[in-house]
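Undergrad: starting from these lines, generate the structure:
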Amino acid sequence: MAGGKTDIVDCLLSQGLAPNYEHLLVATEADFEEAVKLILDYGTEVDNPGKGGDSALMIAAREGRNKILQFLIWNGADLERVGRDGHTALAFAVEMGNLEGVRILLQAGAKPEGSINKNDRLVVYAARQGMVEIVRHLLSAGAEVIQAAFAAAENGHVEVLQLLLESGLSADIKSDAGQSLLEAAREADHSAIVDLLQSLEPHGSPRVVYSVPSEDAIYPKTEDAVDQRPKFPMIQRHHQKMPHLGTKMPSHQVNHL
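TA: Numbers count the residues shown, from 1 in each chain. Sure thing, here's the model as predicted:
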């Protein structure tokens, strides 16, 4: 793309060179921000007109060209468009670990339910790879997390699993096959995950053990020791028999009352 020299690009375009989408893809991949702006200014579509082809937005997400990514979004790029591999721009960003790209796309309204290689949900892929912060962003956007928890447990990613549990996920969930997280971690021989799960109550809360000391522990007994337990005097209650109703009370008793 003319070595990225925007003055040359501008000159060629002004002399009637018709820009095409391939020029936009090349400028995006090469991170030529000004060239991208010029090509769009001269009327090139922001989305690939070819059916099933990768868009500039996908290239920017995949290559980490995040300034261009933001610019393309501002110019109306389709967030949910699917490329040749069935990937959206967000899927490319997740797959490449482009955290900033993930954040930009989710803030723009990209849906977190996409998949990578038509198998893994985005959050499951990120959990399997131990991408804690990407999982955090997808979780905040409403991604479903049960399969992600099993991906983290099976691959030994303690921080990811801890994040999912702190979000409110129960530690005693079961997979479709009826396997628990603890069983999955044991099967994969990830002792750190096993320790984490065993430290939790069935509902995912930290186990707290309360002990109440016995009376003998508070007031220990020895042969020469004086009993230290507090003595409370008995309250003496004096009961006076009251006369039956209708009985005349002697005068000396009236004065006493």
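
Undergrad: any low-confidence regions in the stretch 101-250 of the chain?
TA: Within the stretch 101-250 of the chain, the stretches with pLDDT under 70 are 201-250.

Undergrad: helices of that one, residue ranges please.
TA: All helices of the stretch 101-250 of the chain, identified by DSSP state H, counting those that start in this stretch, fall at 122-128, 132-140, 146-155, 158-166, 181-187, 191-198, 215-218.

Undergrad: buried ones in the second one, by neighbour count?
TA: Counting neighbours by 16 or more other CB atoms under 10 Å, one finds that the buried residues in helix 132-140 are 132, 134-139. The C-beta positions use only the backbone N, C-alpha and C, and glycine is treated the same way.

Undergrad: nearest to M58 among these?
TA: For the buried residues of helix 132-140, the closest approach to M58 (CB to CB) belongs to I134, at 17.2 Å.

Undergrad: measure the closest one to D41 for me?
TA: Applying CB to CB, to the nearest Å, the value for I134 to D41 is 33 Å.

Undergrad: so what's A108 up against?
TA: The contact partners of A108, by CB atoms under 8 Å, 6 or more residues apart in numbering, come to 73, 79.

Undergrad: go on, the one 3 residues further on?
TA: Applying CB under 8 Å, 6+ apart to K111 gives the contacts 79-80, 90, 141.

Undergrad: could I get the full set of strands for the stretch 1-150 of the chain?
TA: With DSSP state E, counting those that start in this stretch as the criterion, the stretch 1-150 of the chain has strands at 115-116, 120-121.

Undergrad: hmm, back to that, now neighbour count too, for the contacts of K111, in JSON lines please.
TA: Putting the contacts of K111 into JSON lines (neighbours: other CB atoms under 10 Å) gives the following:
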{"residue": "L79", "neighbour count": "17"}
{"residue": "E80", "neighbour count": "11"}
{"residue": "L90", "neighbour count": "28"}
{"residue": "A141", "neighbour count": "19"}
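
Undergrad: just the ones of those residues in helices?
TA: Residues from the contacts of K111 lying in helices, with DSSP state H as the criterion: L90.

Undergrad: reformat the contacts of K111 as TSV; add distance to F71.
TA: Supplementary listing: those in TSV, determined by distance: CB to CB, whole Å:
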residue	distance to F71
L79	14
E80	19
L90	17
A141	22
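
Undergrad: quick one: which of the contacts of K111 is nearest G64?
TA: Ranked by distance to G64 (CB to CB), the contacts of K111 are led by L90 at 13.7 Å.

Undergrad: hang on, isn't that closest one packed against L105?
TA: Yes. At 4.7 Å, L90 and L105 qualify as touching, with contact defined as CB atoms under 8 Å.

Undergrad: please enumerate the shared neighbours of those two.
TA: Common contacts of L90 and L105, defined by CB under 8 Å, 6+ apart, comprise 61, 79.

Undergrad: before we move on, the earlier item: which stretch among the strands of the stretch 1-150 of the chain comes nearest D176?
TA: With CB to CB as the measure, strand 120-121 is the member of the strands of the stretch 1-150 of the chain nearest D176 (14.0 Å).

Undergrad: for the closest one, name the packing helices and strands.
TA: Using 3 or more CB pairs under 8 Å, 6 or more residues apart in numbering; DSSP states H and E as the contact definition, the elements that strand 120-121 packs against are helix 146-155.

Undergrad: run the chain-centre distance for the helix it packs on.
TA: Averaged C-alpha coordinates place helix 146-155 at 13 Å from its chain's average position (CA atoms, centre = their mean, to the nearest Å).

Undergrad: by contact count, what packs against it?
TA: For helix 146-155, where contacts count as 3+ CB pairs under 8 Å, 6+ apart, the packed elements are strand 120-121, helix 122-128, helix 158-166, helix 181-187, helix 191-198.

Undergrad: since that was my last question, I'll sign off now.
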